[in-house]
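Chemist: Below are the sequence and a predicted model; questions follow.
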Amino acid sequence: MKNYKFYFLALLLVLFVASLAFKYFDYVENKRESYQAAVYHSEALKMKKGVLELIDAKERATVAIALSLAKDSALEAYILAQDIPLHYYDKIITSYRDNTHYKNIWIQVLDKDLNSLYRSWTTKRNDNLYDVRKDLQSARASKKVTVGISSGKYDLSMSAIVPIMYKGELLGLLEVTSHFNSIATQVKHFNIDSIVLLDVNGTKKLEEPFTKTFLDNHYVANLNAPEEMLEYIKEQGVTKYVKSTSPYEVENGYLITSLELRCVHGKEVGDYIMFKKLSDISTTSVEFLFFKQLTFGVILLLLVMGVISLIMFYYIRKQKLYYKDIIDSSHDIILINQEERIIDVNDAFFQYFENYDSLQGFKKEHNCICDFFEDEEGYLQERVDGKYWIDYLLEKEQNSSVVKIKIGAKEYYFKVSASTILESHTQYSIVFSDITQQENYKHSLEKLTITDSLTGIGNRRYFEQKLEEEIARVKRYGNSLSLIMFDIDHFKKVNDTYGHEMGDNVLIEYTALIASHLRAQDVFCRVGGEEFIVILPNTDVASAYALAEKLRNAVECFAYKIAITMSFGVVEYTENETSNEVYIRVDRALYEAKNSGRNRVVVG
């Protein structure tokens with residue numbers, strides 16, 4: 001009888017719970033639509049943020065390109081002479097086209113009165129742009145670098161304007177213009193199509209449109225705008241998307257959202273319209289929210305019915321299997337840790353650690369994934385500021401860092417974040433999101449900005465960066481540091497006699513000769529037209545002098561088409577000296593070598 005009453009009571013409780021669960025489930029089911037709307041709203045914000053980040057990155061990269069071009073010492077002479085060679089930047093533009101996302105880059109040089117001296121896209125020059133371009137007026141007046149989105153008679157584009165100074169006075173301006181095609185191409189990697197529109201007022205001012213594509217009374221600024229989307233927007237009406245007060249639209253199987261494009265003065269100049277197929281938008285978060293709400297309600301009810309622990313056990317077990325399915329569907333690596341021990345991983349873990357077919361196999365050889373962290377500055381390490389890496393992530397305000405991981409011969413970059421699952425049991429979920437492609441692209445772009453385009457060695461910007469790093473290392477460890485600065489004697493005669501092409505070949509060949517005599521840790525840079533410098537870590541002045549003599553003799557004996565000599569200045573860094581002070585000393589030593597007869601080494 002007691003068992004009967006127990007089962008009868010259990011049945012009543014089950015029916016009661018079932019009734020409450022049904023009502024709660026119905027409530028949560030009604031919430032699905034609002035959850036889905038929240039996902040679409042979040043995705044639209046993510047799409048806009050991604051485009052804004054790409055625009056910001058391209059603006060910074062365009063400024064970097066403009067700054068590197070503006071440091072060309074030969075350019076000052078050309079501007080003063082009001083005569084820049086017709087194809088002066090063709091090689092650089094081709095290099096960017098072949099090695100970066102910059103497939104269409106325009107370069108313009110103007111004198112201080114805003115007369116155009118050079119345009120890479122046309123032979124037209126000598127026209128005055130003062131009354132045509134307010135952004136050029138502003139840059140001329142402020143003498144500061146400006147960057148932003150602008151429109152003109154050719155296109156809606158992104159321009160970086162750099163003042164060129166000579167003896168403290170404005171000599172002219174250099175402008176680098178890039179287009180939206182590379183941004184639209186990068187966004188396409190995330191299954192997002194793009195249409196970049198110039199506003200109506202800007203479209204009216206176009207004289208020679210770059211893409212020659214129009215949508216009603218708007219100019220389409222990107223070459224890779226999909227035809228089917230252009231037709232769809234045309235049918236629906238452009239105003240619906242560029243003047244919409246709604247954060248997004250769900251139409252024709254797409255999530256559609258737009259972003260206003262504003263110039264450096266804050267005025268709207270166009271719109272960036274994005275399309276993403278609904279099938280490409282993950283609904284895992286909606287299901288997770290549904291699951292979270294449902295679990296919350298059921299757990300509360302199960303607490304009331306603690307006597308039926310068997311049902312609660314079955315339910316929790318079932319939900320754990322569902323949770324495992326969710327994390328296994330993720331492309332990111334997900335770890336579940338108990339303090340410093342890995343207790344579970346998802347399937348994506350073994351796509352990277354392919355030499356292991358189970359977590360047990362991995363744990364036989366490694367206690368932690370941090371065994372694979374690369375020890376490089378700027379990336380997450382096993383211990384940061386004396387804290388274990390998981391504790392560091394949990395306490396960090398943004399709760400994420402970038403880590404470099406080497407697995408066999410392959411190198412990956414991950415954005416890693418951690419969150420607490422059960423504080424009482426110190427369980428954590430750790431997510432590794434693969435950002436290798438973005439990091440590799442960033443590194444390749446950074447390399448272009450610090451590499452001399454002719455010789456392939458470091459440029460002046462790279463030299464200044466590395467000199468500061470080596471001085472900081474000297475101050476920390478007390479090592480010695482020396483510099484060798486040299487240039488080609490009478491190089492102007494080489495150019496005047498044999499031409500600039502031969503002069504370029506001389507620079508390339510003798511750079512290779514010098515580089516063959518240097519160590520792997522030595523930093524070799526071109527800091528001027530024919531002026532070079534070598535940073536020698538862990539080297540005193542006597543050893544630097546011996547190397548300079550060796551280089552001088554190698555240059556003098558080199559059997560090339562044109563025999564040349566070089567003059568060398570050598571100095572050793574002294575305590576508390578700034579980078580500028582040591583640079584001035586080595587420059588003076590070189591100057592003394594040239595004044596005392598050339599083809600010699602002088603220690604400063």
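Modeler: Looks like it came in fine.
Chemist: Phe463 versus Ile488, what's the distance?
Modeler: In this view, Ile488 and Phe463 are 18 Å apart by Cβ to Cβ, to the nearest Å. C-beta here means a position set from N, CA and C on the backbone, and glycine is covered the same way.
Chemist: neighbour-wise, which of these two wins?
Modeler: Set Ile488 next to Phe463 and count neighbours by other Cβ atoms under 10 Å: Phe463 wins out with 25 against 22.
Chemist: Test for you: state the pLDDT assigned to that one.
Modeler: The per-residue pLDDT reported for Phe463 equals 96.
Chemist: What residue, apart from its backbone neighbours, is nearest it spatially?
Modeler: Nearest residue to Phe463 in three dimensions, chain neighbours excluded: Cys525, at 3.8 Å (Cβ to Cβ, 6 or more residues apart in numbering).
Chemist: try Glu169
Modeler: Lys112 (8.0 Å).
Chemist: hang on, the one you found packs against Met165?
Modeler: No: in this structure Lys112 lies outside contact range of Met165 using Cβ atoms under 8 Å: 10.2 Å.
Chemist: follow-up on the earlier one: now the residue nearest to Glu169: how far from Tyr219?
Modeler: Per Cβ to Cβ, Lys112 is found 32 Å from Tyr219.
Chemist: Which of the two has more residues huddled nearby?
Modeler: For Lys112 versus Tyr219, the count of surrounding residues by other Cβ under 10 Å is larger for Tyr219: 25 against 15.
Chemist: who touches the more buried one in this structure?
Modeler: Applying Cβ atoms under 8 Å, 6 or more residues apart in numbering to Tyr219 gives the contacts 156, 197-198, 202-203, 206, 209, 211, 213.
Chemist: Give me the local confidence score for Asp325.
Modeler: The per-residue pLDDT reported for Asp325 equals 69.
Chemist: hang on, the earlier thing: report the contact partners of the residue nearest to Phe463.
Modeler: Going by Cβ under 8 Å, 6+ apart, Cys525 touches 452, 457-460, 462-463, 466, 532-535.
Chemist: May I ask which two of those are separated the most?
Modeler: Greatest spacing in those, by Cβ to Cβ: Asp452 and Ile535 (14.9 Å).
Chemist: what's the helix or strand for Arg473?
Modeler: Element membership of Arg473 [criterion: DSSP states H and E] is helix 460-477.
Chemist: What is the subsequent helix or strand relative to that helix?
Modeler: From helix 460-477, the next helix or strand downstream (DSSP H and E) is strand 481-488.
Chemist: mind checking how far that following strand is from the chain centre?
Modeler: Its chain's C-alpha centre and that of strand 481-488 lie 33 Å apart, by Cα atoms, centre = their mean, to the nearest Å.
Chemist: what angle sits between the helix or strand following it and strand 481-488?
Modeler: Later in the chain than strand 481-488, the nearest helix or strand by DSSP H and E is helix 491-498. Using axes from the mean of the first three to the mean of the last three Cα atoms, to 10 degrees, the direction of helix 491-498 lies 30 degrees away from that of strand 481-488.
Chemist: max-length strand in this protein?
Modeler: Scanning the chain for the longest strand, with DSSP state E as the assignment, gives strand 410-422.
Chemist: name the helices or strands packed onto that strand?
Modeler: Where contact means 3 or more Cβ pairs under 8 Å, 6 or more residues apart in numbering; DSSP states H and E, strand 410-422 is packed against helix 389-395, strand 400-407, strand 427-434, helix 436-449.
Chemist: In terms of mean pLDDT, which of those ranks lowest?
Modeler: helix 436-449 (a mean of 73).
Chemist: can you count the residues close to Tyr392?
Modeler: 18.
Chemist: residue contacts, it?
Modeler: Residues counted as contacts of Tyr392 (Cβ under 8 Å, 6+ apart) are 380, 384-385, 401.
Chemist: Equivalent analysis for His41, please.
Modeler: Applying Cβ under 8 Å, 6+ apart to His41 gives the contacts 247-248.
Chemist: What strand or helix carries it?
Modeler: Using DSSP H and E, His41 sits in helix 2-70.
Chemist: Just the angle for the helix or strand following that helix relative to helix 460-477, thanks.
Modeler: Per DSSP H and E, helix 2-70 leads on to helix 73-80 as the next helix or strand towards the C-terminus. Between helix 73-80 and helix 460-477, the angle comes out at 140 degrees (the same axes, to 10 degrees).
Chemist: So which residue is dead centre in this protein?
Modeler: The centroid of the chain falls nearest to Lys442 when counting by Cα atoms, centre = their mean (3.9 Å).
Chemist: So which residues of the stretch 101-250 of the chain form strands?
Modeler: Here the stretch 101-250 of the chain has its strands, by DSSP state E, counting those that start in this stretch, at 105-111, 116-119, 146-151, 156-166, 169-178, 192-198, 214-215, 218-220, 249-251.
Chemist: So which of these is nearest Gln521?
Modeler: Each of the strands of the stretch 101-250 of the chain has some distance to Gln521 by Cβ to Cβ; the shortest is strand 156-166, at 32.9 Å.
Chemist: which parts of the closest one are buried?
Modeler: Residues of strand 156-166 classed as buried: 156-164 (neighbour count, 16 or more other Cβ atoms under 10 Å).
Chemist: what bits of the stretch 201-350 of the chain have low per-residue confidence?
Modeler: Residue ranges of the stretch 201-350 of the chain with pLDDT under 70: 285-294, 296-298, 300-302, 304-326.
Chemist: if you set the cut-off to 50 instead, what comes out?
Modeler: 311, 313, 315-316, 318-319 (pLDDT under 50).
Chemist: And the helices in the stretch 151-300 of the chain, which stretches?
Modeler: For the stretch 151-300 of the chain, applying DSSP state H, counting those that start in this stretch gives helices covering 181-188, 200-204, 227-236, 239-242, 284-304.
Chemist: Okay, domains of the chain per the record?
Modeler: Taking automatic domain parsing as the reference, the chain has its domains at 1-56+283-326, 72-178, 181-280, 330-448, 450-603.
Chemist: Including distance to Ala64, could those domains go into CSV?
Modeler: What follows is the domains of the chain, written out as CSV (distance: least, Cβ to Cβ, whole Å):
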stretch, distance to Ala64
domain 1-56+283-326, 13
domain 72-178, 8
domain 181-280, 15
domain 330-448, 8
domain 450-603, 9
